[in-house]
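K.L.:
Give me the fold of what follows.
(2 chains)
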Amino acid sequence: MSVEQEKLLVVKDLATTFHTAGGDLPAVGGVSFDMERNQTIGIVGESGSGKTVLSRTIMGLQQRTNVTVTGSVLLSGFEMVGASEDDKRKRWGTEVAMIFQDPMTSLNPVMKVGKQIDETLRVRLGMSKVDAKARAIELLELVGIPSPQYRYDAYPGQLSGGMRQRVVIAIALACSPQLLLADEPTTGLDVTIQAQILNLLEELKERLEMSVVLVTHDLGVVATRTSRIIVMYAGRIVEIGSTREVFAGHRMPYTRALLESSPKVSNASHTRLTTIPGRPPNLLKLTDGCSFAPRCSYATDKCRVERPELQAADEPGHMFACWNPLPKTRRTVRK
Amino acid sequence: MLRYVLRRVVMLIAICFIISVGSFYLIHLLPGNITTVIEGPGASPENQAKLYKLLGLNKPIYQQYFVWISNVLRGNLGTSFISQTSVASTIRAALPIDLEIIFLSQILAFITAIPIAMRSARKPDGWLDRAFSAGSFTLLSVPTFIVIVLMVLFISIKAGVPHTGPSSYVSFSQDWLGNLESMALPAIALAIGSFVVYYRVLRSDLIATLQEEFITMARSKGLSQRRIMWRHAFRPSSVALLGAAGVNIGGLLASGFVVQYLLNIPGLGYTLISAIDTSDYLLVQGIVLVVSVGVVLINFIFDFIINIVDPRISRE
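P.N.:
A predicted model of the protein is given here:
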């Protein structure tokens, strides 16, 4: 217990099930991992693999209606699963904060951006109006918004997408959280802005001594910025390990398929990208077998009837879930 | 923003011009001859012709309009042929009663509709939401005149609250408490209809707003439910509410007429109906003009408020 209390985040057997009209939908199933302080980990997977639901479940943002969450999320030793809204609220913003995917919809359109930063400072930290405004302007400056005094009075609609995402980051950082959950923070942005925002996050993480969970479908994003990577498929972890190991020594065919389907700078121009055949499974109709089996060229009969559990690979901390893993050769990965 | 307002003001002037032409022409659309109305059916043709000339009716219609509109702009709406009193002063005496009824009814409607819609939207399909959704439909389907009759029966007659029955209007300068009592029934009757509209519009917009990502974002900042409802959800949800209020208040002038007629309250509505009864055309014309311009002004004001509430509108 004492060891776990020192960890920033310990997730155990976390499952999120939505009760829909079509039946129970296991968006996240049996996820376990943990996280040290001052670490950046990446959660990758296709759209619909449960990354966003996982990050929201860790934070406990799900509304109570039609959702069941089981398992455990220990945040600095505090159990978030089943905690009251009041208890969670005390930790939101100050211990754990989230950067949302789409800066076009995550800011209140009829409230000045400065006020949206202010508010957190005043409500959560009890700052005075004057102090909060000064701090909000500082935060705007911190996230690299030019002439912050002037932008303070802007409405979100008057800012570009990149600017808005910077504001969202400023709001998330306002109360100096220990853990920052960044849910596809750059998906809605131009490629040129993406790198800026990611570099900003990395820099702020160092400066403010935070831990960051970077959720993305883009392996290029996590390759150089994370120490560990979690690969998710159909709501479950299919491979987890150090970034180096996941890239160079991955054992799960899905991880390889993901890696092969992302473009590399070193490719000759007009190189055709590999795609993963088929679609992610319908979570309402999951079979007992491996959920990737229908799309996997290595699949055997066993894969279709029995789900592989995570098993340890050679390197400590590296685990994968596969009956027919790729051989243990080192692969050269061009980033 | 300034350009937007200027554009609206130009529109406003144009609409008022059209209204003025319409209400001016109204008199000419009436059946029968105005001189017969003034002099009675037994008047000789010579006298009628004399009066016709005196009233300027022999001049071209556009000249008549310019004479009339320049008088109107100076606040002169003419003198009633029937009562020989100035139309403007009759309207000045009656209008404050309408304004008071509308003002009171809107205060009542807003202070009930907003908090109840907030509660409903927090738990859609909860017991409170179900009760008010069903109840509001019931209220919506009961016409105002039934409500008035029932209120007179139960409040004025059975409960015996003073100054609430028909023909018991007390002016504000006479006795302000009695005035409020006599205004209670009409204000409540109009408030019921407004409440239903405001409650339903705000409730459905709030439910939609609460699904928005920025509400989840506000929660993730650790704000209280109360603060999220009032500071984040209410304002973006109130645009349709304000639009509905603008239209509704204009419409209240008309339904106010029914209430005034039933309770003998000497407001504009009551005055208009008696003016129609007595063929007091100039008074009818004056009231139509004032009410139409009033409706346009109210909508203009609400448009303006909507712009302040949601700055996205004037930017587009």
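
K.L.:
Let me see the ranges of the strands in the stretch 51-200 of chain A.
P.N.:
A:67-75, A:78-79, A:96-99, A:179-183 (DSSP state E, counting those that start in this stretch).

K.L.:
Kindly compare burial across the ones you listed and name the winner.
P.N.:
Of all these, strand A:96-99 has the most neighbours on average by mean count of other C-beta atoms under 10 Å in any protein chain shown, namely a mean of 28. No exception for glycine: its C-beta is placed from N, CA and C like everyone else's.

K.L.:
From the chain's centroid, how far away is that one?
P.N.:
Mean-position distance between strand A:96-99 and its chain equals 10 Å (C-alpha atoms, centre = their mean, to the nearest Å).

K.L.:
Could you do stretch B:92-107 as well?
P.N.:
9 Å.

K.L.:
again with stretch A:101-112
P.N.:
The answer for stretch A:101-112 is 20 Å, by C-alpha atoms, centre = their mean.

K.L.:
The strands of the stretch 51-200 of chain A: which one's closest to chain B?
P.N.:
Of all the strands of the stretch 51-200 of chain A, strand A:96-99 sits nearest to chain B, with 4.8 Å by C-beta to the nearest C-beta.

K.L.:
Which other helices and strands does that closest one contact?
P.N.:
Strand A:96-99 sits against helix A:51-59, helix A:161-173, strand A:179-183, helix B:213-220, with contacts defined as 3 or more C-beta pairs under 8 Å, 6 or more residues apart in numbering or on different chains; DSSP states H and E.

K.L.:
before we move on, back to that, could you export the strands of the stretch 51-200 of chain A to TSV, including columns for mean pLDDT?
P.N.:
Shown next, in TSV, are those (pLDDT from 0 to 100):
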stretch	mean pLDDT
strand A:67-75	92
strand A:78-79	92
strand A:96-99	94
strand A:179-183	93
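
K.L.:
Could you dump these into TSV and include distance to A:Ser211?
P.N.:
Output for the strands of the stretch 51-200 of chain A, formatted as TSV (distance: least, C-beta to C-beta, whole Å):
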stretch	distance to A:Ser211
strand A:67-75	11
strand A:78-79	15
strand A:96-99	10
strand A:179-183	5
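
K.L.:
near chain A, which residues of chain B show up?
P.N.:
B:212-214, B:216-225, B:227, B:231-232, B:235-236, B:309-312, B:315 (C-beta under 8 Å from any C-beta of the partner chain).

K.L.:
Number of residues surrounding A:Leu159?
P.N.:
Using other C-beta atoms under 10 Å in any protein chain shown, A:Leu159 is surrounded by 18 other residues.

K.L.:
In this structure it contacts A:Gln116, no?
P.N.:
No. Applying C-beta atoms under 8 Å, one finds A:Leu159 not in contact with A:Gln116, separated by 11.7 Å.

K.L.:
what's the overlap in contacts for these two?
P.N.:
A:Val167 (C-beta atoms under 8 Å, 6 or more residues apart in numbering or on different chains).

K.L.:
What segments of the stretch 101-250 of chain B are strands?
P.N.:
Using DSSP E, counting those that start in this stretch, strands in the stretch 101-250 of chain B do not occur.

K.L.:
Point me to the residue of the stretch 101-250 of chain A nearest chain B.
P.N.:
Closest point on the stretch 101-250 of chain A to chain B, by C-beta to the nearest C-beta, is A:Thr105, at 4.1 Å.

K.L.:
which sections of the chain are below the confidence cut-off?
P.N.:
All of this refers to chain A. A:1-5, A:64, A:329-335 (pLDDT under 70).

K.L.:
That was the other one, I meant chain B.
P.N.:
B:31-33, B:254, B:315-316.

K.L.:
What backbone torsions are found at the residue in it sticking out farthest from the centre?
P.N.:
Residue farthest from the centre of chain B, counting by C-alpha atoms, centre = their mean, is B:Glu46 at 44.3 Å. Main-chain dihedrals, B:Glu46, degrees, to the nearest 10: phi -60, psi -50.

K.L.:
and if you look at A:Ser106?
P.N.:
phi -90, psi 0.

K.L.:
in a strand, that's where A:Val238 is, yeah?
P.N.:
Yes. According to DSSP: H, G, I helix; E, B strand; the rest coil, A:Val238 belongs to a strand.

K.L.:
Make sure it is actually in contact with A:Tyr254.
P.N.:
Yes. Counting by C-beta under 8 Å, A:Val238 touches A:Tyr254, with 5.4 Å between them.

K.L.:
that older thread, when you filter the residues of chain B next to chain A down to buried only, what's left?
P.N.:
B:212-214, B:216-223, B:231-232, B:235-236, B:309-311 (16 or more other C-beta atoms under 10 Å in any protein chain shown).

K.L.:
Pull the contacting residues for B:Ser133.
P.N.:
B:Ser120, B:Arg200, B:Arg203.

K.L.:
Which of the strands of the stretch 51-200 of chain A sits closest to B:Lys59?
P.N.:
strand A:96-99 (74.5 Å; C-beta to C-beta).

K.L.:
Residues of chain A that sit close to chain B?
P.N.:
A:59, A:61, A:85, A:89-94, A:97-98, A:100, A:102, A:105-111, A:119-120, A:123-124, A:155, A:157-158, A:168, A:171, A:174-175.

K.L.:
coming back round to it: got the contact list for the nearest residue to the residue of the stretch 101-250 of chain A closest to chain B once chain neighbours are set aside?
P.N.:
Spatial nearest neighbour of A:Thr105, chain neighbours left out: B:Glu213 (4.1 Å); criterion: C-beta to C-beta, 6 or more residues apart in numbering or on different chains. Neighbouring residues of B:Glu213 by C-beta under 8 Å, 6+ apart: A:Phe100, A:Asp102, A:Thr105, A:Ser106.

K.L.:
and the two most separated of these?
P.N.:
A:Phe100 and A:Thr105 (7.9 Å).

K.L.:
ok, the two, which is more surrounded?
P.N.:
A:Phe100 (25 against 16).

K.L.:
just the helices in the stretch 1-150 of chain A please.
P.N.:
In the stretch 1-150 of chain A, the helices defined using DSSP state H, counting those that start in this stretch lie at A:2-6, A:51-59, A:85-91, A:113-125, A:129-142, A:148-151.

K.L.:
Many thanks, have a good one.
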